[in-house]
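**Student:** here is a sequence with its predicted model. Questions after.
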Amino acid sequence: MSQATQLMEAISDGDPQAAAQLLPLVYDQLHKIAKSQMAQERAGHTLQATALVHDAYLRLLGGAPDRWQNRRHFIAAAAEAMRRILVEHARRKKSFKRGGGRERVDLDDEQLPAISSPCEDVDELLALNDALERLEKEDPAKAELVKLLYFAGLNLEQAATALDISRTTAYRQWIFTRAWLCNALTVPPPPAPGS
């Protein structure tokens, strides 16, 4: 069992010093993910990669931490925490008192962000997040693939390894999921029942 996994178990068991010992072991990898996510944000974003790492780390360890299976599981949870922080930041930025009374613009296939293209528009990020949440309800595995590719900055081979699937399967899922996202971003979601 690796030192990181042992520390994760100690954190789950309530050892307050284990969290401080874990951060140096995973910091470089978390910072790399944060830089990748920040590179996809609009220019002039007020969050910095270092702050994103620290916020995600505190979020993961605050309250009652989860029991992580291994380092890969912890890193995936950290990438998800970073995504949520960025979405929350975008929602705050969009709020009416901060000039968020703008109209939503739907994207067509040519405008769908590529894996590495920056997400410069807050509306675009929020629309993508809404579509991703709908996908997660329909097919969690495909949603996880998108998170790893788009938000964690992994390439297809790295994402396939993280999900323990073949590269070919990951590629097929990405082709399908990209088409699904394009459709989800261009066709408004159905109204909620009872509305």
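**Tutor:** Received, thanks. Numbering: from 1, shown residues only.
**Student:** from now on I want contacts and neighbour counts done on CA atoms only, so please keep to that.
**Tutor:** OK.
**Student:** most centrally placed residue in this structure?
**Tutor:** Against the mean C-alpha coordinate of the chain, by Cα atoms, centre = their mean, the closest residue is Arg83 at 3.4 Å.
**Student:** what strand or helix carries that residue?
**Tutor:** In the assignment (DSSP states H and E), Arg83 maps to helix 71-94.
**Student:** what comes into contact with that helix?
**Tutor:** For helix 71-94, the external contacting residues (Cα atoms under 8 Å, 6 or more residues apart in numbering) are 4-5, 29-30, 33-34, 37, 52-53, 55-57, 59-60, 68, 98-101, 122-123, 125-126, 129, 147-148, 151-152, 162.
**Student:** likewise for stretch 48-58?
**Tutor:** Contacts to stretch 48-58, defined as Cα under 8 Å, 6+ apart, come from residues Tyr27, Leu30, His31, Ala34, Lys35, Met38, Ala78, Ala79, Ala81, Met82, Ile85.
**Student:** ditto for stretch 156-164
**Tutor:** Stretch 156-164 is contacted from outside by Arg72, Leu145, Leu148, Leu149, Ser166, Arg167, Thr169, Ala170, Tyr171, using Cα under 8 Å, 6+ apart.
**Student:** nearest to Asp15 among the residues you listed?
**Tutor:** Of all these, Arg72 has the smallest distance to Asp15: 20.9 Å, by Cα to Cα.
**Student:** tell me where this protein is predicted with low confidence.
**Tutor:** Flagging of the chain using pLDDT under 70 yields the residue ranges 1, 43-45, 63-67, 95-121, 187-195.
**Student:** ranges for the helices of it?
**Tutor:** Secondary structure of the chain (DSSP state H): helices at 3-12, 16-39, 49-61, 71-94, 122-138, 140-146, 156-163, 167-186.
**Student:** ChimeraX command for the buried members of the contacts of helix 71-94?
**Tutor:** Filtering these down to the buried ones (16 or more other Cα atoms under 10 Å) takes a single ChimeraX command:
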select :4,5,30,33,34,37,52,53,56,57,60,68,122,123,125,126,129,147,148,151,152,162
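**Student:** quick revisit: and the helix holding Arg83 with helix 122-138, angle?
**Tutor:** Angle, helix 71-94 to helix 122-138, by axes from the mean of the first three to the mean of the last three Cα atoms, to 10 degrees: 140 degrees.
**Student:** so which bits of helix 71-94 are buried?
**Tutor:** Under the neighbour-count criterion of 16+ other Cα under 10 Å, helix 71-94 has 71, 74-83, 85-87, 90-91, 94 buried.
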